[in-house]
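Engineer: Structural data only, the sequence is not supplied:
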């Protein structure tokens, strides 16, 4: 019943097209710098960073997926590759053998530490320096509100 | 010289992590609905939509890449696939045979028209309805400022 479609008005459409453009462009620019300088994708970097900030540099796979905003299936592929490169180790949880825990290795920590300066400089150049502190705060609120719609489970954390 | 790295402060880091999460989650959610219901990726949909809105439903490949915020090499791959499915036709420009022009076919227009209601409803659910009109306007400004840093050539348009 196409007559019932509530199309976007011009202002909504322009805002959406601009956000969509950002989603097409920014991930590729971040991946480009990281892959060129460190051989990591932005998602791989994020996984290493989330483990690094966790107690014992370890997280359950399901919590790691949540922290990195990836699906569990996508995370499994990425962690497998990181494990093959010696940056992450997976083992069954000591509390519950059905649960898998991922741990950052020393080699993984060194890889992250070596990649961080270039990545942070890129984030600063593309995002932080592009915005006023007030815009940066507003962007956090806006992104959170959209994420709650995309993945309602996140709002319970 | 790692001592010279200007790390992000806590507030900057939290804003950035939230935006990065949005970039990891939202594209997949949009692709999921479009691929399930129409067999198109969000980028393919965007390419068809940009052609549909252009005079003669045609654009030079370089202008189409700019309009869809994709690189020319990515666009070439996608347009080739769309051409194989009969949705787009490529031909040399009448003005300058070295320039390639992409045109939306009738089949491509029908594909786009069939996909549009479901896609627009998804954009409305995830983005438009998540934000106030003021936030939506602010998001456009913020996204434009970041895009100008990522791709300075865009600011000349």
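Structural biologist: Alright, I've got the coordinates. Given the structure is predicted, the values throughout are model-derived calculations rather than measurements.
Engineer: can we go C-alpha only for contacts and neighbour counts from here?
Structural biologist: OK.
Engineer: Any idea how many residues pack against residue A:82?
Structural biologist: When neighbours are defined as other Cα atoms under 10 Å in any protein chain shown, residue A:82 has 19 of them.
Engineer: distance of it from chain B?
Structural biologist: Distance, residue A:82 to chain B, using Cα to the nearest Cα, to the nearest Å: 18 Å.
Engineer: For that residue, grab phi and psi.
Structural biologist: phi -70, psi -30 (degrees, to the nearest 10).
Engineer: Surely it touches residue A:88?
Structural biologist: Yes. Residue A:82 is within contact range of residue A:88, at 5.7 Å (criterion: Cα atoms under 8 Å).
Engineer: what about residue A:95, neighbour count?
Structural biologist: 7.
Engineer: Can you give me the buried ones in stretch A:78-85?
Structural biologist: Of the residues in stretch A:78-85, A:78-79, A:82-83 count as buried by neighbour count, 16 or more other Cα atoms under 10 Å in any protein chain shown.
Engineer: Now the strand or helix carrying residue A:65: average pLDDT?
Structural biologist: In the assignment (DSSP states H and E), residue A:65 maps to helix A:61-68. Mean pLDDT, helix A:61-68: 92.
Engineer: Contacts made by that helix with the rest, please.
Structural biologist: A:43, A:46-47, A:50-51, A:71-72, A:75-76, A:99-102, A:154, B:21 (Cα atoms under 8 Å, 6 or more residues apart in numbering or on different chains).
Engineer: and of these, the nearest to residue A:132?
Structural biologist: Nearest to residue A:132 among these, counting by Cα to Cα, is residue B:21 at 20.4 Å.
Engineer: who are the neighbours in contact with the spatially closest residue to residue A:149 that is not a sequence neighbour?
Structural biologist: Computed as Cα to Cα, 6 or more residues apart in numbering or on different chains, the closest residue to residue A:149 that is not its neighbour in sequence is residue B:126, at 5.2 Å. Going by Cα under 8 Å, 6+ apart, residue B:126 touches A:146-147, A:149-150.
Engineer: Highest neighbour count among these?
Structural biologist: Neighbour-wise, the contacts of residue B:126 (other Cα under 10 Å) top out at residue A:147, 25 neighbours.
Engineer: Show me which helix or strand of chain A is least confident by mean pLDDT.
Structural biologist: helix A:61-68 (a mean of 92; mean pLDDT, DSSP states H and E).
Engineer: now that helix, how far from the centre of its chain.
Structural biologist: 10 Å (Cα atoms, centre = their mean, to the nearest Å).
Engineer: Distance of the residue minimising distance to the centre of chain A relative to residue B:71?
Structural biologist: Nearest to the geometric centre of chain A sits residue A:68, at 4.3 Å (Cα atoms, centre = their mean). Separation of residue A:68 from residue B:71 (Cα to Cα, to the nearest Å): 26 Å.
Engineer: Repeat that for residue A:112.
Structural biologist: Taking Cα to Cα, one finds residue A:112 at 28 Å from residue B:71.
Engineer: So for these two, which sits in the more crowded spot?
Structural biologist: residue A:112 (23 against 15).
Engineer: if I pick that one, what's in contact with it?
Structural biologist: Counting by Cα under 8 Å, 6+ apart, residue A:112 has contacts A:45, A:48-49.
Engineer: Quick check: it vs residue A:22, distance?
Structural biologist: For residue A:112, the distance to residue A:22 - Cα to Cα - is 26 Å.
Engineer: before we move on, back to that, would a markdown table of the buried residues of stretch A:78-85 with secondary structure be doable?
Structural biologist: Supplementary listing: these in a markdown table, determined by DSSP: H, G, I helix; E, B strand; the rest coil:
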| residue | secondary structure |
| --- | --- |
| A:78 | helix |
| A:79 | helix |
| A:82 | helix |
| A:83 | helix |
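Engineer: Out of those, which comes closest to chain B?
Structural biologist: Nearest to chain B among the buried residues of stretch A:78-85 is residue A:78, at 13.5 Å by Cα to the nearest Cα.
Engineer: ok, then the element right after whichever strand or helix holds residue A:115?
Structural biologist: Here residue A:115 sits within helix A:106-123, counting by DSSP H and E. As assigned by DSSP H and E, the chain's next helix or strand after helix A:106-123 is helix A:133-150.
Engineer: Identify all contacting residues around that next one.
Structural biologist: Residues contacting helix A:133-150 (Cα under 8 Å, 6+ apart): A:128, A:154-155, B:11-12, B:14-16, B:18-19, B:21-22, B:25-26, B:29, B:125-127, B:130-131, B:135, B:139, B:142.
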